[in-house]
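Next come a sequence and a model predicted from it.
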Amino acid sequence: MRIHIRFIALFLVAIAGAAAFRIYHDSIVEAIQRVAIRMRAYPYSSIILGLMILATSTPPMLGFTFLVTLSGFVYGFPQGVAPAMIGGYVGAMICFGLIRHYNFARFIRLSPSKQEKYHAIQEAIAEGGFGMLLMIRLTPIPWQFTNMILALIPTLSPKRYAIVTFIASWKLCLEVWFGSQLASLSDPDLPPSAHRLTMVTLGVGVLILVGLALWLHRLTLTKVKQRQTVNQV
């Protein structure tokens, strides 16, 4: 029930965001285009953007998804993939090192019942093997938080973390592609037929991505609950 409430809340937020974007569309697009033009003209802008993506890969920093999408908007697809993937992967590895080195788990303060559930979920993820780790990575949970969740599992080795993160980092290509499509839609010189085709392609792509994200999210939660039940027995 709680999961459905969360998805309804996210859906309402998405509608509100879409409505606000439609109202202020021209101002928002104009501002983003000015930033994109300046970034394209600057020779080291892709490196700077990659460093910004790297910096937002560690909680409580925010803006990771926006910056990855901006990479596609500014540089297009597939040119925008490099700063997104490199920044995301290196940032994830730095996040892992920071959490392990400074033992961030000691800062987590939960009630006894929640603490027990938290450890059960950790054990379920750890015992679920490589497939479980990959599913956690592919769910719509923000990148920086999956970095933290996996880094806090004491039995997860740096090597396995690095491999799972590398494979999952390819999902960032979809966000870069999404940004490139938004850039095409904001182009005033785009012919009407091409505009309609881009709209249809973008709409179908978003529907597929949302469907896959929901399926993976529910599948992952089901697997975690099953492992948690086994551990309790």
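Perfect, thanks for sending it. For clarity, every value in this text was computed on a predicted model and none was experimentally measured. Numbers count the residues shown, from 1 in each chain.

For the nearest residue to residue 83 once chain neighbours are set aside, report the pLDDT, please.
Spatially, and ignoring its direct neighbours in sequence, residue 83 is nearest to residue 50 (3.7 Å; C-beta to C-beta, 6 or more residues apart in numbering). The way it works is simple: take the backbone N, C-alpha and C, and place the C-beta from them, glycine included. Predicted confidence (pLDDT) for residue 50: 94.

just checking, residue 50 touches residue 81?
No. Counting by C-beta atoms under 8 Å, residue 50 sits too far from residue 81 to count as a contact (11.0 Å).

picking that back up, quick one: which helix or strand includes the residue nearest to residue 83?
helix 45-55 (DSSP states H and E).

And that helix, what does it pack against?
In terms of contacts (3 or more C-beta pairs under 8 Å, 6 or more residues apart in numbering; DSSP states H and E), helix 45-55 is packed against helix 25-41, helix 64-75, helix 81-102.

Tell me which of those helices is the most buried.
Mean neighbour count (mean count of other C-beta atoms under 10 Å) peaks for helix 64-75 among the helices and strands packed on helix 45-55, with a mean of 24.

ok, and what's touching that one?
Residues from elsewhere that reach helix 64-75, judged by C-beta atoms under 8 Å, 6 or more residues apart in numbering: 32, 35-36, 39-40, 45-46, 49, 52-53, 56-57, 80-81, 83-84, 87-88, 142-144, 172, 175-183.

Then stretch 167-176?
65, 68-69, 71-72, 77-78, 80-81, 84-85, 88-89, 92, 134, 137-138, 143, 146, 205, 209.

buried set for that stretch?
By neighbour count with 16 or more other C-beta atoms under 10 Å, stretch 167-176 contains the buried residues 168, 169, 171, 172, 173, 174, 175, 176.

Likewise for stretch 138-148?
By neighbour count on 16+ other C-beta under 10 Å, the buried set for stretch 138-148 is 138, 139, 141, 143, 144, 146, 147, 148.

can you list the domains in this structure?
Listed by the TED database, the domain ranges of the chain are 1-41, 44-189, 190-232.

weakest of those in terms of mean pLDDT?
If you rank the domains of the chain by mean pLDDT, domain 190-232 sits at the bottom with a mean of 61.

which phi and psi does residue 61 have?
phi -60, psi 140 (degrees, to the nearest 10).

do residue 140 as well
phi -70, psi 10.

how near is it to residue 146?
For residue 140, the distance to residue 146 equals 10 Å [C-beta to C-beta, to the nearest Å].

do residue 69 as well
From residue 69 to residue 146 the distance is 18 Å (C-beta to C-beta).

What of residue 74?
Taken as C-beta to C-beta, the span from residue 74 to residue 146 is 25 Å.

ok, the buried residues of stretch 138-148 vs residue 129, which is closest?
Lowest distance from residue 129 to these (C-beta to C-beta) belongs to residue 138, with 14.8 Å.
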